[in-house]
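Asks: following is a predicted model, sequence given first.
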Amino acid sequence: MEIIIISIVAFATAILTFFSGFGLGTILTPVFMVFFPVEIAIALTGIVHFFNNIFKLFIVGRNFDKDVAFRFGIPAIIFAFIGAFLLLQIPNMEAIYSYSLFGKTFQIFPLKLIIATLLLFFAVIDLIPYFKKLEFSKNKLPIGGALSGFFGGLSGNQGALRSAFLIKAGLSKEAFIGTTVIISCFVDFTRLSVYSSKLIKINLTDNLSLLISATLAAMCGAFIGNKLLKKVTLQFLQITVAIMLVFLSIALGLGWI
């Protein structure tokens, strides 16, 4: 049953999030958490995320912006390592608040609350007309890379912050998607190398069919998303990113994901 559920979610999410440059890992992680411990769920999601990005690398990677990828990607890789290392040191961070809704208990964790606040800030910038033409200068990209990489390694939520910065970097829609894929691949490789100490402790062969199924489903979704790319505009991408940031920040802040 978990194979069917996770694969369907991976396929649908890969289509939905192809244009925004984030969301697959964020949505897929809580689904994995239903069947696995938190640290293992993050690691397994990272594997699906990584191989899906490798596939996307072949279909859109050639459009990446070298300068932006370098300025943003190097700090992202460094801080992804730091964040992933911290994840293994503090896997049981306590919730600061919990509440019940519709018979289910939700917990609010400090890390996710911080990420939610940052995401909401960037979403507001994207949605307010006054800030529509705002672009981040190249010297601000390393800050975005550091934040994105750190939170990506620590919680798996790397893409939203990355897209929030890069959507304001003055890139074309093709360069935006290609650059996010390049950076994401390197960050995924970095954090997975750190998570490997956890993965060694579980028998991946027991979950191999699940990983293969989820990965192939995500690749199919990415393929369809790429076919639809020519039909969208940069403004559509900006609005998509902003709306997804709002929903994601609310869900994270309230402890839903």
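Replies: Great, that's in hand. Numbering: from 1, shown residues only.

Asks: quick one: secondary structure of L88?
Replies: Secondary structure assignment for L88 (DSSP: H, G, I helix; E, B strand; the rest coil): helix.

Asks: number of residues surrounding it?
Replies: Neighbour count of L88, defined by other CB atoms under 10 Å: 14. The C-beta positions use only the backbone N, C-alpha and C, and glycine is treated the same way.

Asks: correct me if wrong: it contacts S196.
Replies: No - judged on CB atoms under 8 Å, L88 makes no contact with S196 at a distance of 10.4 Å.

Asks: list the buried residues of the helix or strand hosting T215.
Replies: Counting by DSSP states H and E, the element that carries T215 is helix 208-228. Across helix 208-228, burial judged by 16 or more other CB atoms under 10 Å covers 210-211, 213-222, 225-226.

Asks: what of stretch 69-83?
Replies: 69, 71-83.

Asks: narrow those residues to those in strands?
Replies: Using DSSP state E, no member of these sits in strands.

Asks: K56: which of those is nearest?
Replies: Of all the buried residues of stretch 69-83, A69 has the smallest distance to K56: 14.3 Å, by CB to CB.

Asks: contact partners for the closest one?
Replies: Neighbour list for A69: T179, I182, I183 [criterion: CB atoms under 8 Å, 6 or more residues apart in numbering].

Asks: can you give me the strands in the stretch 101-250 of the chain?
Replies: Ranges of strands within the stretch 101-250 of the chain are 104-108, based on DSSP state E, counting those that start in this stretch.

Asks: give me the low-pLDDT residue ranges for it?
Replies: 111, 122, 125-137, 155-158, 195, 197-206, 234 (pLDDT under 70).

Asks: all helices of it, in order?
Replies: Under the criterion DSSP state H, counting those that start in this stretch, the stretch 101-250 of the chain contains helices at 110-127, 141-155, 159-166, 173-199, 208-228, 234-253.

Asks: of those helices, which is nearest Y97?
Replies: In terms of CB to CB, the element of the helices of the stretch 101-250 of the chain nearest to Y97 is helix 110-127, at 8.9 Å.

Asks: so which residues make contact with the closest one?
Replies: With contact meaning CB under 8 Å, 6+ apart, helix 110-127 is reached by 93, 96, 131, 134, 147, 151, 154-155, 157, 160-161, 164-165, 167-168, 238-239, 241-243, 245-246, 248-250, 252-253, 255.

Asks: please repeat the previous calculation with a cut-off of 6 Å.
Replies: Residues outside helix 110-127 that contact it (CB atoms under 6 Å, 6 or more residues apart in numbering) are 96, 131, 151, 155, 157, 160, 164, 238, 242, 245-246, 248-249, 252-253.

Asks: same thing with stretch 179-197?
Replies: Stretch 179-197 is contacted from outside by 21, 43, 46, 49-50, 53, 56-57, 60-61, 64-65, 68-69, 72-73, 76-77, 80-81, 84-85, 149, 152-153, 158, using CB under 6 Å, 6+ apart.

Asks: hmm, which of those residues are the buried ones?
Replies: Of the contacts of stretch 179-197, these count as buried by 16+ other CB under 10 Å: 21, 43, 46, 49-50, 53, 56-57, 60-61, 64-65, 68-69, 72-73, 76-77, 80-81, 84, 149, 152-153, 158.

Asks: sec struct for S100, please.
Replies: strand.
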